[in-house]
Each structure stands twice: as C-alpha cells, then as structure tokens.
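K.L.:
Please find the sequence and the predicted model below.
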Amino acid sequence: MPGKETILVVDDEPDILNLTEKFLKLGHFNTITCSNGKDAVRIIEEKHGEISLILLDLMMPGMSGFEVLQVIKNSEKLNHIIVVLFTVKSFSEDIQKGKKLGADYYITKPFSGKELLKQIQEILQGVTSLN
Ligand SMILES: [Mg+2]
C-alpha cells in the first residue's frame, strides 16, 4: 500500500476550501489548504517534495491561478507536480488558457464529493487524460 498522497487545495472561497478538504480527507488523502496564490507559491516552494497534486482555483484576488500555474510549469524543480484546474464549467476559455499554460487536468465546480474523489484517484493513477 502506498502512503497517503498529499493534495494542495487553493481556492479563495472558504466554503469550497472546507468542503473539498472534507471530501479529500474522506478519501484518505492528506490535504493542505490555502486561500490565495501568493501563499500557494510559498507552500509549493517549501513542500514540493511531498505534494502530489494541486487543485487550483483560477479566479482569486491578487495572484491568480493562472499566475500560480505559470510559476509551477516554468520551474524545472516544480513542473512534475500535477496541476488540476478547479474551475466553473461555463468558463471554457479559462480551461483552454490553462491547458496552454501547462495544466494537467481540470475539475469543474460545482462538484459532487464522490465525483471529485473518483476524478482525483483516476488522475493520480494516470488512467485519465486531458481532452
Ligand atoms: Mg475563486
């Protein structure tokens, strides 16, 4: 059995952050949460060795998810980390922009806990692909 994998959840909406963390814990993941891009970059720099996946909101005040994504994917040290855009489905142009910047996958909000866990497990197992 592999150890628990750690997921960093970045979202400026506290309700989404809390709910997502709750579901991920139910799915036996370790979680780190953070509510803005600047803190996200600091945490990623510190803990990139232990973070398997980042669930990244795009629209946040201050440093946006796009900017965080660019920092990660432009860094040789960090670009192995799987970045999953956490975004509202109707904003498909954001998903396209995120893909161009190197995002690995996306999960749309609103989400069901069951579906979120299923998608994250599939992403971590490499059985899903970004289309
Ligand atoms: Mg947001």
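P.N.:
Yes, it's here.

K.L.:
give me the low-pLDDT residue ranges for this structure?
P.N.:
Applying pLDDT under 70 to the chain flags the ranges 1-3, 128-131.

K.L.:
Do a quick rundown of the helices in it.
P.N.:
According to DSSP state H, the chain carries its helices in the segments 14-26, 37-47, 65-73, 92-100, 113-125.

K.L.:
Comparing those, which comes out most buried?
P.N.:
Sort these by mean neighbour count, taking mean count of other Cβ atoms under 10 Å, and helix 65-73 sits at the top with a mean of 20. Where C-beta positions appear, they are placed from N, C-alpha and C, glycine not excepted.

K.L.:
Dihedrals phi and psi, Glu76?
P.N.:
Reported as degrees, to the nearest 10, the phi and psi values for Glu76 are phi -60, psi -30.

K.L.:
do the same with Gly49
P.N.:
Dihedral angles (degrees, to the nearest 10) for Gly49: phi -70, psi -20.

K.L.:
Could I get the helices of the chain in CSV, plus columns for distance to Leu53?
P.N.:
Formatted as CSV, the helices of the chain follow (distance: least, Cβ to Cβ, whole Å):
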stretch, distance to Leu53
helix 14-26, 10
helix 37-47, 11
helix 65-73, 11
helix 92-100, 15
helix 113-125, 6
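
K.L.:
Of all the ones you listed, which one comes closest to Ile82?
P.N.:
helix 113-125 (6.3 Å; Cβ to Cβ).

K.L.:
Which elements pack onto that closest one?
P.N.:
Using 3 or more Cβ pairs under 8 Å, 6 or more residues apart in numbering; DSSP states H and E, the elements in contact with helix 113-125 are helix 14-26, strand 51-57, strand 82-88, strand 105-109.

K.L.:
What distance do you get for Asp104 to the ion?
P.N.:
19 Å (Cβ to the ion, to the nearest Å).

K.L.:
Repeat that for His80.
P.N.:
Counting by Cβ to the ion - His80 and the ion are separated by 25 Å.

K.L.:
what does Gly37 give?
P.N.:
Note on Gly37: its distance to the ion, by Cβ to the ion, is 10 Å.

K.L.:
Identify the residues contacting the closest residue in space to that residue that isn't next to it in sequence.
P.N.:
With sequence-adjacent residues excluded and distances taken as Cβ to Cβ, 6 or more residues apart in numbering, Gly37 is closest to Met63, at 2.9 Å. Applying Cβ atoms under 8 Å, 6 or more residues apart in numbering, we find Met63 in contact with Asn36, Gly37, Lys38, Ala40, Val41.
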